[in-house]
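Enquirer: Following is a predicted model, sequence given first.
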Amino acid sequence: MSGFVEKPEPLQVPGLVHLHTGKVRELYRNEAGDLVMVASDRMSAYDWVLPTEIPDKGRVLTQLSLWWFDRLADLIPNHVISTELPEGAPADWEGRTLVCRSLRMIPVECVARGYLTGSGLVEYEANRTVCGLALPEGLVDGSELPAPIFTPATKAAVGEHDENVSYEEVARQVGAETAAQLRQSTLAVYSRARDVARDRGIILADTKFEFGHDEQGGLVLADEVLTPDSSRFWPAAEWEPGRAQASYDKQFVRDWLTSPASGWDRRSEQPPPPLPAEVVEATRAKYVEAYELLTGTAW
């Protein structure tokens, strides 16, 4: 059992039709047929959406995504139409709302890895592969890979876990041409972002993207991009293969949830408890720090 500890009631706004409540985002459609994405301050961990929010998180995700979309525009188009608030929307939506093109979304989490960690490390330790791709002997947690790899996953519903799949399985599901486009675009965007982040003292270990097709069948980058929710960012000065790396993400939350202090057993069917104030503040600080280091702009 997992999902929302307390599922929120979506706000009703005149002229908008609510479509979906995700882990972080509320999705609406406006009268023109465009999508309106609103990033909340919700936090998810271990397939649960937690009962405690992280202040400013939704705005950080939205503003950082916009910053990256600008730097990737020559590689691939994105879905953003406007950042203007819909008429009648609450003031709290300011800075966390995107009006976007409606796309035919491709049901694949497009993951790029430049370093070995997480679920990739688990598979590598078992059989020296990640998503069926053979890797050299001698790699450890945090090792840089010989070259970035495309390691797709199925897109899971709220409360379910994404499952790594092979490239061949993606080709079977979406067709060989689309699979090839996904791989090429994912690796191109990752490589650009890796170099940008490296210049700012940050290692982009891995990240995931979502793509859709527009009305003409063109591939479009969608959802959020290159945020602490969708990526592993490590401080380059502290990188040391062979151990878990310091990171700019929700690691404070994960560590507390699995510590004796939380009293929570993630293997149980019980929902996780509320987060203490110090964990909330430390997590917010990491999200803001990632934004400021990458963009060079004070939050």
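Expert: Received, thanks. Note that the structure is a prediction, hence the values are computed from the model and not measured.
Enquirer: In the chain, what residue spans correspond to helices?
Expert: 57-72, 118-127, 167-174, 176-199, 251-257, 277-295 (DSSP state H).
Enquirer: Go through those helices and pick out the most buried.
Expert: helix 57-72 (a mean of 21; mean count of other Cβ atoms under 10 Å). (Glycine included, C-beta is placed from N, CA and C.)
Enquirer: could I have stretch 111-122 exported to CSV, CA atoms only?
Expert: C-alpha atoms of stretch 111-122 as CSV (Å, rounded to 0.1, in the frame of the first residue of the first chain):
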residue,chain,number,x,y,z
VAL,A,111,16.2,8.3,-17.9
ALA,A,112,19.8,9.3,-18.7
ARG,A,113,22.7,8.1,-16.4
GLY,A,114,26.2,9.4,-16.5
TYR,A,115,27.1,7.9,-13.1
LEU,A,116,26.2,4.6,-11.4
THR,A,117,23.9,4.8,-8.4
GLY,A,118,20.4,4.0,-7.2
SER,A,119,18.5,1.2,-9.0
GLY,A,120,21.2,1.2,-11.7
LEU,A,121,23.8,0.2,-9.1
VAL,A,122,21.5,-2.6,-7.7
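Enquirer: Run through who's touching that stretch.
Expert: Contacts of stretch 111-122 with the rest of the structure, by Cβ atoms under 8 Å, 6 or more residues apart in numbering, involve 124, 130-131, 135, 139-145, 148-153, 164, 186-187, 189-190, 194, 203-209, 232, 234, 244-245.
Enquirer: looking at the helices of the chain, which one has the lowest mean pLDDT?
Expert: Lowest mean pLDDT within these: helix 251-257, at a mean of 90.
Enquirer: about what we covered before: Glu87: which of the helices of the chain is closest?
Expert: helix 57-72 (19.3 Å; Cβ to Cβ).
Enquirer: Tell me where the chain is predicted with low confidence.
Expert: The model of the chain has pLDDT under 70 over residues 1-2, 156-161.
Enquirer: any idea which residue sits dead centre in it?
Expert: Ser230 (1.8 Å; Cα atoms, centre = their mean).
Enquirer: isn't it right up against Leu221?
Expert: No. When contacts are counted by Cβ atoms under 8 Å, Ser230 is not listed as touching Leu221 (11.8 Å).
Enquirer: what is in contact with these two at once?
Expert: Residues touching both Ser230 and Leu221 (Cβ under 8 Å, 6+ apart) are Phe209.
Enquirer: what's near enough to touch the residue nearest to the centre of the chain?
Expert: Thr207, Lys208, Phe209, Asp223, Glu224.
Enquirer: neighbours of the second one, just the number please.
Expert: Meaning Lys208. Neighbour count for Lys208, taken as other Cβ atoms under 10 Å: 24.
Enquirer: So the spatially closest residue to it that is not a sequence neighbour versus Val170, what's the distance?
Expert: For Lys208, ignoring the flanking residues on the chain, the nearest one in space by Cβ to Cβ, 6 or more residues apart in numbering is Val111 at 4.6 Å. Val111 sits 11 Å away from Val170, going by Cβ to Cβ, to the nearest Å.
Enquirer: got any residues that touch both of the two?
Expert: With Cβ under 8 Å, 6+ apart as the test, Val111 and Val170 both reach Pro152.
Enquirer: returning to what we had before: what's the spacing between the residue nearest to the centre of the chain and Asp34?
Expert: Distance from Ser230 to Asp34, by Cβ to Cβ: 22 Å.
Enquirer: What of Ile202?
Expert: 33 Å.
Enquirer: Among these two, which residue is more densely surrounded?
Expert: More neighbours surround Ile202 than the other of Ile202 and Asp34, with 24 against 17 (other Cβ under 10 Å).
Enquirer: Enumerate every residue touching the more buried one.
Expert: Ile202 neighbours (Cβ under 8 Å, 6+ apart): Phe233, Trp234, Pro235, Ala236, Tyr248, Ala290, Leu293, Leu294.
Enquirer: what residues are up against the first one?
Expert: When contacts are counted by Cβ under 8 Å, 6+ apart, Phe233 touches Ala197, Ile202, Ile203, Leu204, Ala205, Ser247, Tyr248, Asp249, Ala290.
Enquirer: ok, what's across the strand from the closest residue to Asp214 other than its chain neighbours?
Expert: Distances taken as Cβ to Cβ, 6+ apart place Val220 nearest to Asp214, at 5.3 Å, with adjacent residues excluded. Beta-bridge partners for Val220, by DSSP bridges, are Gly212.
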